[in-house]
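Engineer: The sequence and its predicted three-dimensional model are supplied below.
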Amino acid sequence: MTTTTATSLPAAPARPLGVYLRLAATAMFWGGTFIAGRTVAHVLPPIVAALLRFGVAAALLLLIVWRKEGGLPRLSRQQVLATAALGLTGIFLYNLCFFGALGRIPAGRAALFIALNPIVTALAAALFLRERLSGRKWAGIALAFFGAAIVITRGDFAGAVHDISQSLGTGELLMLGAISSWAVYTLVGRRALTQLSPVAATTYAALWGLLFLAVGAVPQLGQIDWTQVGWTAYASVGYLGAFGTVIGFVWYYEGVKALGASRAAVFNNLVPVFGVTFAALLLGEPVLLSMVLGGAVAVAGVTLTNR
């Protein structure tokens, strides 16, 4: 997933049905990133996988921003620092945690964690930006975390209390790190980049993130036997960069422009649904009752919070 909170996109409004279909397709693309990410995570180190993903994404974003806006705008000093922060949090740190988690836990299980993104962001906004949360929002947050607890513990709360390591391992902690990184990314974009279009802000963030990833990946690039990286990994990288990042981003903000942020954000609740479904169909992962129940409760909490 790649998104900012800037307010304008130079795309013509689409017909309502087309907007709904694109938003549903965007949720499908983002759900598919967990399957593609798990495929890549088993053959490439996380930082190299992220580097390849955003190499594809940055190239496509530069093409789009050139065609839609005539190129990237010049940045003020504050915007340089803000876009660098976006690249560090939403690109570099998020993707290290994302690929690291997918190398350790099933794709469907990882996808369900994403339902907590808006909840953690709302809590961070309340804590750091002093945004007030109503009683209804607090109830939604509590409900979402209860749903997440069902997923994390696989419904065995007593076992988790006795031995938390049964439920919360390195993969789960990395997904929590990914969610936290995304919350910071969202808040930085909301406050610091209101003068940039979403496509320009995201392009700058992708370029910064690509730079950070390249610096970290250089020592590992020479250690990889590229002849052993199969076509499925390369296809997955292409999917992650093109569909999971660029096309999903453009279509999502067309939806935001046509329907408003709140109505468009409702479609994000479909991401874990698609993620779990694809994991079962394409990777043969089991769908546990705790995943279905916990995921439904978490989505209900998110819906209540964002209502």
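Structural biologist: Here it is on my side, so go on.
Engineer: Helices of the stretch 151-300 of the chain, residue ranges please.
Structural biologist: 157-162, 170-192, 198-221, 231-241, 248-259, 261-265, 270-283, 289-306 (DSSP state H, counting those that start in this stretch).
Engineer: Now render those as TSV, adding mean neighbour count and distance to residue 97.
Structural biologist: Bear in mind the C-beta positions are built from the backbone N, C-alpha and C, glycine included. Shown next, in TSV, are the helices of the stretch 151-300 of the chain (neighbours: other C-beta atoms under 10 Å; distance: least, C-beta to C-beta, whole Å):
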stretch	mean neighbour count	distance to residue 97
helix 157-162	12	22
helix 170-192	21	4
helix 198-221	21	13
helix 231-241	19	15
helix 248-259	23	19
helix 261-265	16	22
helix 270-283	20	16
helix 289-306	20	19
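Engineer: For residue 111, find the nearest of these.
Structural biologist: helix 270-283 (2.6 Å; C-beta to C-beta).
Engineer: Please work out which residues outside the closest one touch it.
Structural biologist: 1, 24, 27-28, 30-35, 38, 106-108, 110-112, 114-115, 285-287, 291, 295, 298-299 (C-beta atoms under 8 Å, 6 or more residues apart in numbering).
Engineer: and of the helices of the stretch 151-300 of the chain, who's closest to residue 44?
Structural biologist: Across the helices of the stretch 151-300 of the chain, closest to residue 44 is helix 231-241 (C-beta to C-beta), at 6.6 Å.
Engineer: Dump the closest one to PDB, restricted to CA.
Structural biologist: Extracted C-alpha coordinates of helix 231-241, given in PDB (Å, rounded to 0.1, in the frame of the first residue of the first chain):
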ATOM      1  CA  TRP A 231      10.300 -16.000 -12.800                       C
ATOM      2  CA  THR A 232       7.700 -16.100 -10.100                       C
ATOM      3  CA  ALA A 233       9.800 -13.800  -7.900                       C
ATOM      4  CA  TYR A 234      10.400 -11.400 -10.700                       C
ATOM      5  CA  ALA A 235       6.700 -11.400 -11.700                       C
ATOM      6  CA  SER A 236       5.900 -10.800  -8.000                       C
ATOM      7  CA  VAL A 237       8.200  -7.800  -7.900                       C
ATOM      8  CA  GLY A 238       6.600  -6.400 -11.000                       C
ATOM      9  CA  TYR A 239       3.200  -6.800  -9.500                       C
ATOM     10  CA  LEU A 240       4.200  -5.200  -6.200                       C
ATOM     11  CA  GLY A 241       5.700  -2.200  -8.000                       C
END
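Engineer: how far off helix 198-221 does that helix point, in degrees?
Structural biologist: 150 degrees (axes from the mean of the first three to the mean of the last three C-alpha atoms, to 10 degrees).
Engineer: which of the contacts of helix 270-283 count as buried?
Structural biologist: Neighbour-count burial (16 or more other C-beta atoms under 10 Å) is assigned, among the contacts of helix 270-283, to 1, 27-28, 30-35, 38, 106-108, 110-112, 114-115, 285, 291, 295, 298-299.
Engineer: Now distance to residue 43 too, for the helices of the stretch 151-300 of the chain, in a markdown table please.
Structural biologist: As requested, the helices of the stretch 151-300 of the chain are exported to a markdown table (distance: least, C-beta to C-beta, whole Å):
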| stretch | distance to residue 43 |
| --- | --- |
| helix 157-162 | 32 |
| helix 170-192 | 17 |
| helix 198-221 | 13 |
| helix 231-241 | 5 |
| helix 248-259 | 23 |
| helix 261-265 | 34 |
| helix 270-283 | 15 |
| helix 289-306 | 26 |
